[in-house]
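Chemist: Just need the structure, nothing else, for what follows:
(2 chains)
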There are 2 protein chains.
Amino acid sequence: MDGAITIFPIRSVGEVGAGDDVAAILIASMGRDAIALEAGDVVVVTHKIVSKAEGRVVEIADDADYRALVRDEAAAVIRKRGDLVITKTRHGFICANAGVDRSNTPEGTAVLLPLDPDRSAHAIRSKLAAASGVDIAVIVTDTFGRPWRRGLADVAIGVSGLEAVADLRGTQDMYGRTLDVTEVAVADELAAAADLVMGKASGIPAAVVRGYEAPPGAGRGSDLVRRADEDLFR
Amino acid sequence: MDGAITIFPIRSVGEVGAGDDVAAILIASMGRDAIALEAGDVVVVTHKIVSKAEGRVVEIADDADYRALVRDEAAAVIRKRGDLVITKTRHGFICANAGVDRSNTPEGTAVLLPLDPDRSAHAIRSKLAAASGVDIAVIVTDTFGRPWRRGLADVAIGVSGLEAVADLRGTQDMYGRTLDVTEVAVADELAAAADLVMGKASGIPAAVVRGYEAPPGAGRGSDLVRRADEDLFR
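Modeler: Have a look, this model is predicted:
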């Protein structure tokens, strides 16, 4: 239907290890799932498999190791209460535990964020585009908590091939009034949408969003980080 | 495809006025758009048309009127800088300007949030279910800014027919480890996903999400509000 969006899970990815080629794995998985990429598709990939492929996995013996790793990974601690540490990462993202994650990784290990999620997204995009012959966009995601609101939601940390934030300045509403809402976090909305087909317990680490007319541009994950001097809540 | 989600815009809604029946309008619009509701669909509706139908529209002459209206609607002011006021609404939501909005409403008017967005969602759901003969869920949304992250994203403020926050406690990841991530804000992810087909300038105020297995339950919009004593950022 005109204007509809479809989101396909990329199911059969399986285990990803250091040195693996995420794009090649996704291509093989999409082949098994009978998904053929089309121009304009947005491929959304959880950072977990990207980090694993990039060797961003650390052995930890216990909770003390984990806490030390979080301290190492954090550029700054924003708030702390008990075991909960809200940090700024070196990329500038503000999230719990500097993005260090112990789920969906073997016992005794923790997964770090990619060093440069935009570069990761770009590399995957180039290979997917070359293999499919169509231009697509790629978003690398993580799962963040939010102040004020319960529950976690997926957000974009790496972006290639679209604007991360759509700027509607100058756009008019249905009454011809210039919109108050000028910037929409489309990459985060795409990440959240893709999470609906992935889930946290399913082992599905990627999805294809089809039919969305992404704002063209060369957005970056850091576009989604509010400047400290514009942020009332740091 | 198995596990895929499709999101249909409900396009031809047109103008909504005080006393209108939002469910009847959506049914007529879906008829024109050739959308037949199916069991398990999640119908996502921006609060703007709900508020208008409920008469939550106020005449304002100027910016001073608008600021006074925001003060009236706010239960508390959380932060203030220049014209930007971050407020707690009477519902408990934390958002800019107490949710009072001057876009997509005629010049000289402002739209308030529904008094009880859950009740609004429930009323729409009952009528859509009666008309279609299938059980569906309804989410009423607004567009919120976020601390730390640039750009706005749609979130759920009213919910009927699903859990707003999916509780994964006890769920195991692909390695059999109990998940760190235990609560996922699925209603917010659905709101964000639906916004991808609606946009802010398009005049499309509703969408149908099909294929998502929503967690069954009687969630409420307030489930998505983090308790003040659990919130490090108020």
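Chemist: Can you list the helices and strands that the longest helix seen in chain A packs against?
Modeler: If you go by DSSP state H, chain A has its longest helix at helix A:117-132. Here helix A:117-132 touches helix A:22-32, strand A:42-46, helix A:47-53, strand A:137-144, strand A:153-160, going by 3 or more Cβ pairs under 8 Å, 6 or more residues apart in numbering or on different chains; DSSP states H and E. All C-beta atoms are positioned from the backbone trio N, CA, C, and that covers glycine.
Chemist: how does it look with 6 Å?
Modeler: Judged by 3 or more Cβ pairs under 6 Å, 6 or more residues apart in numbering or on different chains; DSSP states H and E, helix A:117-132 is in contact with helix A:22-32, strand A:137-144, strand A:153-160.
Chemist: Output the lowest mean pLDDT helix or strand found in chain A.
Modeler: Every helix and strand of chain A was ranked by mean pLDDT, DSSP states H and E. The lowest is strand A:166-167, at a mean of 90.
Chemist: Which strands border that one, and is each parallel or antiparallel?
Modeler: Strand A:166-167 has the following strand partners under DSSP bridges: strand A:183-184 (antiparallel).
Chemist: Residues in contact with the strand it pairs with: which ones?
Modeler: Residues from elsewhere that reach strand A:183-184 (Cβ atoms under 6 Å, 6 or more residues apart in numbering or on different chains): A:165-167, B:151-152.
Chemist: between the residues you listed, which is closest to residue A:71?
Modeler: residue B:151 (29.9 Å; Cβ to Cβ).
Chemist: Pull up the per-residue confidence for the spatially closest residue to that closest one that is not a sequence neighbour.
Modeler: Counting by Cβ to Cβ, 6 or more residues apart in numbering or on different chains, residue B:151 lies nearest to residue A:185, which is 3.0 Å off, once chain neighbours are set aside. Residue A:185 is assigned a predicted lDDT (pLDDT) of 97.
Chemist: Tell me how far residue A:71 lies from residue A:94.
Modeler: 16 Å (Cβ to Cβ, to the nearest Å).
Chemist: Could you do residue A:13 as well?
Modeler: Distance from residue A:13 to residue A:94, by Cβ to Cβ: 29 Å.
Chemist: Give me the more crowded residue out of the two.
Modeler: Taking neighbours as other Cβ atoms under 10 Å in any protein chain shown, residue A:13 and residue A:94 compare with residue A:94 leading, 25 against 22.
Chemist: how much distance is there from the longest helix of chain A to the middle of the chain?
Modeler: Chain-centre distance of helix A:117-132: 14 Å, with Cα atoms, centre = their mean, to the nearest Å.
Chemist: Name the residue closest to the centre of chain A, please.
Modeler: A centroid search over chain A (Cα atoms, centre = their mean) returns residue A:141, at 1.2 Å, as the residue closest to the centre.
Chemist: which regions of chain A lie under the pLDDT threshold?
Modeler: Along chain A, segments meeting pLDDT under 70 span A:1, A:178-181, A:200-201.
Chemist: May I see the domains of it written out as residue ranges?
Modeler: A:12-56+A:115-223, A:57-113 (automatic domain parsing).
Chemist: winner for burial among the ones you listed?
Modeler: domain A:12-56+A:115-223 (a mean of 21; mean count of other Cβ atoms under 10 Å in any protein chain shown).
Chemist: Any idea how many residues pack against residue A:5?
Modeler: There are 24 residues near residue A:5, going by other Cβ under 10 Å.
Chemist: ok, it touching residue A:213?
Modeler: No. Counting by Cβ atoms under 6 Å, residue A:5 does not reach residue A:213; the two are 9.5 Å apart.
Chemist: so what sits against both of the two?
Modeler: With Cβ under 6 Å, 6+ apart as the test, residue A:5 and residue A:213 reach no residue in common.
Chemist: which two from the contacts of strand A:183-184 end up farthest apart in space?
Modeler: Between any two of the contacts of strand A:183-184, the greatest separation by Cβ to Cβ is 11.6 Å, found for A:167 and B:152.
Chemist: Which residue is the nearest non-sequential neighbour of residue A:169?
Modeler: Closest to residue A:169 by Cβ to Cβ, 6+ apart is residue A:182, at 4.6 Å.
Chemist: Provide a list of residues in contact with residue A:132.
Modeler: Applying Cβ under 6 Å, 6+ apart, the residues contacting residue A:132 are residue A:37.
Chemist: And the closest residue to residue A:37 other than its chain neighbours, how far from residue A:158?
Modeler: With sequence-adjacent residues excluded and distances taken as Cβ to Cβ, 6+ apart, residue A:37 is closest to residue A:132, at 4.0 Å. Taking Cβ to Cβ as the measure, residue A:132 falls 20 Å from residue A:158.
Chemist: pretty sure residue A:148 contacts residue B:95?
Modeler: No. Counting by Cβ under 6 Å, residue A:148 stays clear of residue B:95, with 8.6 Å between them.
Chemist: what comes into contact with stretch A:31-41?
Modeler: With Cβ under 6 Å, 6+ apart as the criterion, stretch A:31-41 contacts A:8, A:11-12, A:132, A:134-136, A:208, A:210.
Chemist: brain fart, stretch A:104-117
Modeler: With Cβ under 6 Å, 6+ apart, stretch A:104-117 has contacts from A:47-48, A:50-51, A:54, A:56-60, A:69, A:99-102, A:120, A:140, A:157-158, A:221, B:173-175.
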